[in-house]
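Quick one: sequence plus predicted model below, questions after.
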Amino acid sequence: MSAPAPVLELEQVTRTYGAGDGALTVLHGVDLVVRQGEYVAIVGPSGSGKSTLLNLAGALDRATAGAVRIGGHELSSFSDAGLSRLRATELGFVFQQFFLLERQTALENVADGLLYQGVRRAERRRRAAEALERVGLGHRLDHRPAQLSGGECQRVAVARALVHEPRVLLADEPTGNLDSASGATVLALFERLHTAGTTIVLITHDGRVADRAPRVVTISDGRIVADECVGATA
């Protein structure tokens, strides 16, 4: 049986900031392939380069050298507007901060994830309700962020990231602002999403969080130093 197709590829990727004597290279010739349906945790200490890697994988930044491909499309050929369209259609983002609009309900926050796709309002709301049901918040559609716990807010953010059915879900320290119980709930949600077929790349400095993923990539000083399949989840 052939392996699933790659959805995210980094080939000999280097990222350098500045020039001349003040240049700082944060990533050094990184190679990484994530295939459809994988759940990969990228773990490393502060300053290791993991957030820079996420920015490149998420088309939020451009590589200095090497190639980044999403769904087989090499990103260096995209204009800035093209990258914006790609982020809105191919990628879903979950950050440590929830970035929810306080005056909007959970349903409205999630429906906003479809604004750039030209989806009609009624269809946006229908799909947003389905996404919230998927993350266990079907009973909280009309609640605003101030009426939700931290863990519930993060689940709303996950629903918003998933509502347009992205090729890959990118999560940057998604449990960083949560207590241990809420964090465990969010990680359990990621495991259920992975089991259902969602491709997930999670960035963390916490080895305990990383160990929940079936594949753990360790980055140190801008280089991948380990890439292990640990089989933590189904």
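Cool, got the structure.

Which helix in this protein has the most residues?
helix 180-195 (DSSP state H).

and it, how far from the chain's centre?
Averaging C-alpha positions (Cα atoms, centre = their mean, to the nearest Å) puts helix 180-195 14 Å from its chain's average.

now do stretch 86-106
On Cα atoms, centre = their mean, the centre of stretch 86-106 falls 11 Å from that of its chain.

Would you indicate which residues of that stretch are buried?
For stretch 86-106, the neighbour count (16 or more other Cβ atoms under 10 Å) marks 86-88, 90-96, 98, 100, 105-106 as buried. Where C-beta positions appear, they are placed from N, C-alpha and C, glycine not excepted.

Keep only those of these that are in helices.
Leu86, Arg87, Ala88, Glu90, Ala106.

Can you tell me which of the buried residues of stretch 86-106 is nearest Ser46?
Taking Cβ to Cβ as the measure, Gln96 is the one of these closest to Ser46, at 12.9 Å.

and that closest one, what does it touch?
Listed by Cβ atoms under 8 Å, 6 or more residues apart in numbering, the contact partners of Gln96 are Asp172, Glu173, Pro174, Gly176, Asn177.

what about burial for those residues, which qualify?
Asp172, Glu173, Pro174, Gly176, Asn177.

List phi and psi for the second one.
This means Glu173. phi 50, psi 50 (degrees, to the nearest 10).

Name the helix or strand for the most centrally placed residue in the chain, please.
Residue closest to the average C-alpha location in the chain (Cα atoms, centre = their mean): Leu170, at 0.9 Å. Using DSSP states H and E, Leu170 falls within strand 168-172.

correct me, but Gln97 touches Pro174?
No - using Cβ atoms under 8 Å, Gln97 makes no contact with Pro174, being 10.2 Å away.

related to what we said a few turns ago, save the contacts of Gln96 as CSV, and put in distance to Ala122 and pLDDT too.
Below are these laid out as CSV (distance: Cβ to Cβ, whole Å; pLDDT from 0 to 100):
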residue, distance to Ala122, pLDDT
Asp172, 32, 96
Glu173, 35, 95
Pro174, 30, 95
Gly176, 36, 92
Asn177, 33, 91
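
Now distance to Gly151 too, for those residues, in JSON lines please.
Formatted as JSON lines, those follow (distance: Cβ to Cβ, whole Å):
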{"residue": "Asp172", "distance to Gly151": "17"}
{"residue": "Glu173", "distance to Gly151": "15"}
{"residue": "Pro174", "distance to Gly151": "11"}
{"residue": "Gly176", "distance to Gly151": "12"}
{"residue": "Asn177", "distance to Gly151": "10"}
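
for those, which one is nearest Arg144?
Distances from Arg144 to the contacts of Gln96, taken by Cβ to Cβ, are shortest for Asn177, at 17.9 Å.

what about the protein, any weak spots by pLDDT?
Applying pLDDT under 70 to the chain picks out residues 1, 231-234.

about what we covered before: the residue nearest to the centre of the chain against Thr198, yeah?
No - using Cβ under 8 Å, Leu170 is not in contact with Thr198; the gap is 11.4 Å.
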